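>>> Need coordinates for the below:
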Amino acid sequence: MTVRARIDHLVTSGTFALDGGTWDVDNNVWIVGDDEEAVVIDAAHDAEAILTALGGRRLRAILCTHAHNDHIDAAPALSEATGAPILLHPDDLPLWKQTHPDRMPDGELSDGERVSIADVSLEVLHTPGHAPGAVCLYAEALGTVFTGDTLFAGGPGATGRSFSDFPTIIDSLRERVLMLPGETVVRTGHGDGTTVGAEAPHLGEWVARGH
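Coordinates of the predicted model:
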């Protein structure tokens, strides 16, 4: 059966700030939908660029894989421009408030919830470790999982800063992500993608490295 929904991708640039440090970063922004409607995964840095990429489609929701500032800084402006609700796992509210103290998300992303868009659904997988409320979004019909900063090509996301924990991210990857079908394409928050099958064999190496 042909799936109508597609994945569009753009890269936006800005600053990541946490624990008193700042770093220049390029972020992946993912748009999932068809010609009529879409959702945005991680509204990073540039609301205008994301609006342009939407091309007039109705934005149904802004989904946040986690609440580090570089993944959510453009979310309020994008929401204001489109009327779309911002959805975030509640465990990341302390991080959210560091960036947007006067504007709370509009709703929650709960483990096991399915977000429907066009003719596909995105299953919310709560994957704490990089952040307490980090989630991955699994689109089985599209053969892909959007991992935010939980999994990259080459290993797990960073756990050396506040609100993060290495054993927790390893448990999340082992139990929630690396058991997906090996051909599942991993679309990350930064940099190049990979597949579950390419990363799963290296879990033991990551544990041995301890980071």
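>>> So which elements touch the helix or strand Ile50 falls within?
Taking DSSP states H and E as the definition, Ile50 sits inside helix 47-54. Counting contacts by 3 or more CB pairs under 8 Å, 6 or more residues apart in numbering; DSSP states H and E, helix 47-54 packs against strand 6-18, strand 21-33, strand 37-41, helix 75-82. The C-beta positions use only the backbone N, C-alpha and C, and glycine is treated the same way.
>>> most packed of those?
strand 37-41 (a mean of 24; mean count of other CB atoms under 10 Å).
>>> Helix 47-54 and that strand, what's the angle between them?
140 degrees (axes from the mean of the first three to the mean of the last three CA atoms, to 10 degrees).
>>> what pairs with the helix or strand following the helix holding Ile50, and is each one parallel or antiparallel?
Downstream of helix 47-54, the next assigned helix or strand under DSSP H and E is strand 58-63. Next to strand 58-63 in the sheet, as set by DSSP bridges, lie strand 37-41 (parallel), strand 86-88 (parallel).
>>> List the neighbours of the longest one that are in contact with it.
In other words, strand 37-41. The contact list for strand 37-41 (CB atoms under 8 Å, 6 or more residues apart in numbering) reads 8, 29-33, 50, 54, 57-63, 65, 78, 84, 115, 117-118, 122, 137, 146, 148.
>>> Are any of those residues buried, and if so which?
Burial by neighbour count, judged by 16 or more other CB atoms under 10 Å, picks out 29-33, 50, 54, 57, 59-63, 65, 78, 84, 115, 117-118, 122, 137, 146, 148 from the contacts of strand 37-41.
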